[in-house]
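Undergrad: give me the fold of what follows.
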Amino acid sequence: MDPDYNCRLCGTTEKRTAHHLSYEKSKYARDIKLSLNIDIQNDPSDFPKFICISCQSKLYLWRKKINKSKKANINIQITDFSHLCPHQIRTWEDTEKVASTLGWISSKGPSLPICNPTHCM
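TA: I've put the predicted structure just below:
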C-alpha cells in the first residue's frame, strides 16, 4: 500500500494511516454517478483509486438526504484528471498525424474509432 493517495474526486493528497483510511472509489460508484455525473467505472488505470474521508462524508450525507426524498446538493470541487489519460486528445492535428502513422486513417477515412476526449473527464 502506498503511504499517500490522491482523492479521485477532489484531488487532495492524503496520508493513509490506521486512523485515516482511504475509501475505494468503486464502492461509491453509483452515488458518484448520480450526484456528480461521473462514471468512475470507466476510469483509466492511471486515475486515483480512492476517495478521501471528506468526499466520502459528503457522498454519505447526500445519499441520506436522497433516501429521505429531500433535495440534496453535493459540495465537491471535482479535479480534472484528464491529463493522466493516455487517450487524451491534445489537438486534432496531432490526432490526425498519429492516426495516419498508425494506419487508422486512409484515403477511405478512419478504420478505427478515435477516443472521445470527454470520456476522460
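Undergrad: how is the chain carved up into domains?
TA: Each structural domain of the chain that the record assigns through automatic domain parsing is listed here as a residue range: 4-83, 87-120.
Undergrad: lowest-confidence stretch among those domains?
TA: Ranked by mean pLDDT, the domains of the chain bottom out at domain 87-120, with a mean of 57.
Undergrad: Three-state assignment for the residue lying closest to Leu9 once chain neighbours are set aside, please.
TA: When the adjacent residues along the chain are set aside, Leu9 lies closest to Cys55, with 4.5 Å between them (Cβ to Cβ, 6 or more residues apart in numbering). No exception for glycine: its C-beta is placed from N, CA and C like everyone else's. At Cys55, secondary structure determined by DSSP: H, G, I helix; E, B strand; the rest coil is helix.
Undergrad: can I take it that Lys70 is in a helix?
TA: No. Secondary structure assignment (three-state DSSP) places Lys70 in coil, not in a helix.
Undergrad: okay, now it: neighbour count?
TA: By other Cβ atoms under 10 Å, 8 other residues sit near Lys70.
Undergrad: what of the one 10 residues further on?
TA: The number of residues packed near Asp80 is 9, by other Cβ under 10 Å.
Undergrad: next, count neighbours for the residue nearest to Leu9.
TA: Applying other Cβ under 10 Å, we find 25 other residues in the vicinity of Cys55.
Undergrad: try the one 10 residues further on
TA: Other residues within reach of Lys65, judged by other Cβ under 10 Å, total 14.
Undergrad: do the same with Lys68
TA: Close neighbours of Lys68, defined as other Cβ under 10 Å, add up to 8.
Undergrad: need the contact list for it.
TA: With contact set as Cβ atoms under 8 Å, 6 or more residues apart in numbering, Lys68 has no partners.
Undergrad: show me what contacts the residue nearest to Leu9?
TA: Contact criterion Cβ under 8 Å, 6+ apart gives 7, 9-10, 76 as the residues in contact with Cys55.
Undergrad: surely Ile78 is in contact with Leu9?
TA: Yes. Applying Cβ atoms under 8 Å, one finds Ile78 in contact with Leu9, separated by 6.0 Å.
Undergrad: tell me the helices in the chain, going along the chain?
TA: Taking DSSP state H to define them, one finds helices in the chain at 29-36, 53-67, 92-101.
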